[in-house]
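Asker: Attaching a predicted model along with its sequence, questions to come.
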Amino acid sequence: MTVSSTRTDSLSADEPAFLRRMGRMLLADKFALVAAVFLVVMVVLAIVGPAWLGEEALKQNLRGRNLAPFDWSRDWFWWFGADALGRPLLARIIVATQNTLLVAAGAVLISAVIGTFLGLLAGFSSPRVSQAIMRLADVIMSFPSLLIAVIVLYLLGSSILNLMLVLSITRIPVYLRTTRAEVLEIRERMFVQAARVMGASSRRILFRHILPIVFPTLTTLATLDFAYVMLAESALSFLGIGIQPPDITWGLMISQGRQYLTNAWWLSFWPGLAIIFTTLSLNLLSNWLRIALDPTQRWRLEMRGETRG
Amino acid sequence: MLTFIRKRSVASLFSLVGLIVMVFFLSRMTGDPASLFLPVEASAEMKQQFRELHGLNDPMLVQFGRYVGDVLTGDLGESYRKARPALDVVLEAFVWTLWLAVTTMSLVTCAAIVVGSLAAFRAGGFFDRAASMLSLIGASVPDFWLAIVAIVIFSINLAVLPTSGTGSLAHWVLPIAVLFVRPFGIIVQVVRGSMITALSSAYVKTARAKGVRSGPIIFIHALRNAMLPVITVIGDQAASLLNGAVVVETIFGFPGVGKLMIDSILQRDFNVVLAAILVTALAIFFMNLLIDLAYALLDPRIRH
Amino acid sequence: MTRSLISGALMVGAALLSSLSPALAGSGPIKIVLPEEADLLEPCMATRSNIGRIIMENVSETLTELDVRGKQGVMPRLAEKWEQNSDGSWRFHLRKGVKFSDGSAFGAKDVKHSIDRVMSDKVTCESKRYFGGMTVNAAVVDDNTIDIKVNPVQPILPLLMSLVTIVPESTPMQFVREPIGTGPYKLTNWTPGQYIVLENRADYWGKQPSVTKATYLFRADPSVRAAMVQTGEADLSPSISQMDATNPKTDFSYLDSETVYLRIDQNIPPLNDVRVRKALNLAIDRKAFLGTLVPEGAVLATALVPPTTLGWNPDVKQFPFDPEAAKKLLAEAKAAGAPVDTPITIIARSANFPNVTEIMEAIQAQLQDVGFNIELKFVEVAEHETYYSKPFKEGRGPQLVAAMHDNSKGDPSFSMFFKYASKGTQSGFSDPKVDDLIQRASAAVGEERAKLWSQLIAYLHDDVVADVLLFHMVGYARVSERLDFKPTIATNSMLQLSEIGIK
């Protein structure tokens, strides 16, 4: 009880101090620091990429197709080699960052928010409502996700927004079920019972006491889903219904490079690496966040930060 | 328990009906099977004749009524493409999918619980970092990439496994190995996360305070508690396997239900699409039932 | 699962047996890996390539056969000879002593039944499409003679009969899953999703082929197909990807009768202006594609039909790559009031042929270089069909539909009406001279026929500028070194096992 109330106080009471504290904790974890820097770079690239390198990424040169990587004598955006139309891969990866992150973040956000909300609702409301919500989850879960994606994209056409929606629908049940399971477990715990006895409103209990505890599991899930969505989008491209050229995403780049896998590995390797690094960074950061936000674990980071500086 | 199962069945029946109605109408709105069954040069009369033969000229509601009538008598219709009962086509493929899903998920579950728990025991340690990195990389590698690389290495260069197809146990190795990677990566992460929470939770501390020093006892206590979110994720992963592993089936020529569904919607073979959804939805319903039972067993507080 | 394991064990057992028994020199079983499974093995659907590759002339035979290896034209198969009667109908004299694989004897009544079945409205047979707008009546003269009367009179009926597979009279008027035919092989095992097995027939009327048994396997991924021949899991893959065709000992390229082109919809400005259509053609650097995105051996197209077709015109010259001329034409058109700045949409089908995405992106870039405003849209097969075939949508913008057309049948009549006549379902324009030429050529025979087709091909290419013709594509086959086989232009739609030798 005391534990959770001190936390909420520290979150809201003194903003600058909180940020400084977080910053110090981030410096203490080198992995998380690198991950954070990487993600910031990615976000920046996503914002400026298309305007900055849009032209280079589209310029074709059939005679320089499948150019091998590591040719340091050329401009830097050729260092990763060129694709089947002789377009520089590095420039294309940078330009594709925007669409990729937009689709992935959009889909994860939509599914996580809706799923968590419904999960909290299911965990907290009457059995009847709870049952209705859980059955809804069952229906969505028994959707063959790719099939539904194909049908919906046939009907609506393949755009970034539609892709986001299609990819998010199928992920809702995971958040929903996880949240509900945790809520059911937590609400029986001592401090929740105590808060209830002390007259705290349901909403207060939900947002002040339960959500913070469910949060770490949800971030882990969301991080993993980020990778899942990027790959699912690539699988849609594999089936020919994902993002359509000349728009690009990392997923589309991987699936376009598939047929060159044995002769020009770099076509699908670099965008694949971009997906792996992004997921890895997100995960490292979420692990760090889990510790940094947990008052019983936080000392590990703070100790390290202090001894070093 | 029986009332619980009965209630669930009734509720699920409603969801299943909703699903079928939705797919019935949506899929019919995506295109005309006649122009896919026949080549572009076929005359309008031929296409008309095809639609006539398969009752596709009637208003959609009439078609739906007829479909419902047939389903109630146990007839799921015929595949236009294959000229045989849609249910036969689907069941044939589903058997393969079921085996693939069951084998893969059993292996994944065992491996992920062991690795995830070990990682959680010494969170932040070397094993934890290594296991996290590897499982995450596994979860972010595109499966078709992995499949083709695996074929190049194990079938062509080392020549120890067949490239693709079915027939012997060796044929199962590569598809299972490729399918293993992603759910393993995800479940390891979830096991690890919820084990860390469980190990730091009040009653484990209480147990420690009371002097329970033995690792295994603490471990089992914590695991039991950590299993709830883990089971959810296992269920989710199993469901997506039961819906077919399209990419793996395509590359390895594995006759499962995933590729069947995608091929059937591409060709607008509606009866097969619907039958496939029906069969996989039923399978997933039973799996969900098992998951709920597992919940109840693991946590006596969640008895419905 | 158990069943498949058992059948798997049986297969292994059978393989062991056959390898133990001293194999006759130059004969034995083979395995063929195809990209797409046959969903039906219905004889009257054998003109569809995924079905025809397995049963055409292997299980189900036809009265005549087109020679795709030499220049003999239409050759006898189940018919020994034929002649045209005075009323325009054709008389076919059938081979004697031929038996179906179910033991029944082959005769004129079976031919009549087969034709009636194709034309029937109780089943939707694909081969019926070659008889569009015709009424066909078969009359049995005696056991081994049949008269086929077609209205309007068909000068190429013997060629058309190479597309009608013969089934026994007992075949029902609905799709069958176990084809009965007169061919050198019979279907002995079909496990859907896994394999199809054909085995040779001791009582075949012709020469015994050296392949005794063929097992067909299906893999969608081209690199897996190539790998299977390399590892010995299969002996022949008629289609692998250009990227994988690296071993000159096993990998062969062949002209596969597919022609890639952009269909121009002339009904919508600015595409109604011939200068604009010429500019489209001049702006594309076709040669730059060869050996890069399109296989080295592909042929630049000057007609929708491949060079092996009757009446193909060697005098028609491909448009050169001349961006300056294209710009000039475009400027002229603009000066004359054509709305050349209107965005033109290229509609292409995803996964239609290898590299389709890259090829279309490159074409888009080349057209934009001379000043066109080009949008690119990829759609799946069913939607593509709604753009490609009539009725076209009202209120559409100017469109170029990228499509691939297959004519390995040796005569342009299978293409020209559909693609260019005013009433053709995929025709983007209407021109009385074209209609007249098509009508006359279809009715003509011999030299006259060839001359008229040649004339039409030149007129379409040079004067109408009907479309942007791109390439006659080539396919790659991987053939195990133990086989003696060269793919032909027909390999896409028909793979005669009797043409495969074993070394």
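Answerer: On my side now, so go ahead. Every value quoted in this text rests on a predicted model; they were computed, and no experiment measured them.
Asker: Could you check how far the closest residue to chain B within the stretch 101-250 of chain C is from residue B:95?
Answerer: Residue of the stretch 101-250 of chain C nearest chain B, by CB to the nearest CB: residue C:193 (2.8 Å). C-beta here means a position set from N, CA and C on the backbone, and glycine is covered the same way. Residue C:193 is 10 Å from residue B:95, where distance means CB to CB, to the nearest Å.
Asker: Could you do residue B:82 as well?
Answerer: According to CB to CB, residue B:82 stands 17 Å off from residue B:95.
Asker: Neighbour count: the two, which is higher?
Answerer: In this view residue B:82 and residue B:95 are compared by other CB atoms under 10 Å in any protein chain shown, and residue B:82 has more residues nearby, 22 against 17.
Asker: For the more buried one, list the residues it contacts.
Answerer: Residue B:82 makes contact with B:89, B:269, B:272, C:39, C:40, C:192, according to CB atoms under 8 Å, 6 or more residues apart in numbering or on different chains.
Asker: redo that, cut-off 7 Å
Answerer: By CB atoms under 7 Å, 6 or more residues apart in numbering or on different chains, residue B:82 lies in contact with B:89, C:39, C:40.
Asker: hang on, the earlier thing: okay, now the residue of the stretch 101-250 of chain C closest to chain B: neighbour count?
Answerer: Using other CB under 10 Å, residue C:193 has 19 other residues around it.
Asker: you'd agree it is up against residue B:255?
Answerer: Yes: judged on CB atoms under 7 Å, residue C:193 makes contact with residue B:255 at a distance of 2.8 Å.
Asker: What is the burial count for the residue of the stretch 1-150 of chain C found nearest chain A?
Answerer: Nearest to chain A in the stretch 1-150 of chain C, going by CB to the nearest CB, is residue C:35, at a distance of 13.4 Å. For residue C:35, the count of nearby residues is 18 (other CB under 10 Å).
Asker: So which bits of stretch A:62-79 are buried?
Answerer: Going by neighbour count (16 or more other CB atoms under 10 Å in any protein chain shown), the buried part of stretch A:62-79 is A:62, A:64, A:65, A:66, A:67, A:69, A:77, A:78.
Asker: wait, does that stretch contact chain C?
Answerer: Yes: residues of stretch A:62-79 contacting chain C under CB under 7 Å from any CB of the partner chain: A:62, A:65.
Asker: what's next to that stretch, contact-wise?
Answerer: Here stretch A:62-79 has contacts from A:53, A:56, A:80-82, A:84-86, A:88, A:90-91, A:260, A:264, A:266, C:288, C:292, C:362, using CB under 7 Å, 6+ apart.
Asker: related to what we said a few turns ago, overlap in contacts of residue C:193 and residue B:255?
Answerer: In terms of CB under 7 Å, 6+ apart, residue C:193 and residue B:255 are both contacted by the residues residue B:93.
Asker: wait, residue A:274 sits on residue A:93?
Answerer: Yes: with contact defined as CB under 7 Å, residue A:274 counts as touching residue A:93 (5.6 Å).
Asker: For the two, list the residues in contact with both.
Answerer: Joint contacts of residue A:274 and residue A:93 (CB under 7 Å, 6+ apart) are residue A:250.
Asker: pLDDT value on residue 197, please?
Answerer: No chain specified, so I'll use chain A. Here the pLDDT value assigned to residue A:197 is 77.
Asker: nope, chain B please
Answerer: The model's pLDDT for residue B:197 equals 78.
Asker: Show me which residues of chain A sit near chain C.
Answerer: A:60, A:62, A:65, A:84-85, A:154, A:240-241, A:244-246, A:256, A:259-260, A:262-263.
Asker: Let's see that with 6 Å instead.
Answerer: A:60, A:62, A:65, A:84, A:85, A:240, A:244, A:245, A:259, A:263 (CB under 6 Å from any CB of the partner chain).
Asker: ok, and the closest non-adjacent residue to the first one?
Answerer: Distances taken as CB to CB, 6 or more residues apart in numbering or on different chains place residue A:85 nearest to residue A:60, at 4.4 Å, with adjacent residues excluded.
Asker: Check the third one too.
Answerer: Of all residues beyond its chain neighbours, the one nearest residue A:65 is residue A:86 (4.5 Å), with distances taken as CB to CB, 6+ apart.
Asker: what's the weakest-modelled helix or strand in chain C?
Answerer: Within chain C, no helix or strand scores below helix C:2-20, which has a mean of 45 by mean pLDDT, DSSP states H and E.
Asker: next SSE after that helix?
Answerer: Sequence-wise, the next helix or strand downstream of helix C:2-20 (DSSP states H and E) is strand C:28-34.
Asker: Can you flag which of the buried residues of stretch A:62-79 belong to helices?
Answerer: Per DSSP state H, helices hold no members of the buried residues of stretch A:62-79.
Asker: so what's the residue in the stretch 301-450 of chain C positioned nearest to chain A scoring on pLDDT?
Answerer: For the stretch 301-450 of chain C, the residue closest to chain A is residue C:350, as judged by CB to the nearest CB, at 3.4 Å. pLDDT for residue C:350: 84.
Asker: phi, psi of the residue nearest to residue A:65?
Answerer: Residue A:86 adopts backbone torsions of phi 70, psi 30, taken as degrees, to the nearest 10.
Asker: Same check on residue C:260?
Answerer: For residue C:260, the backbone dihedrals (degrees, to the nearest 10) come out as phi -100, psi 130.
Asker: gap between it and residue C:413?
Answerer: Between residue C:260 and residue C:413 the distance is 21 Å, computed by CB to CB.
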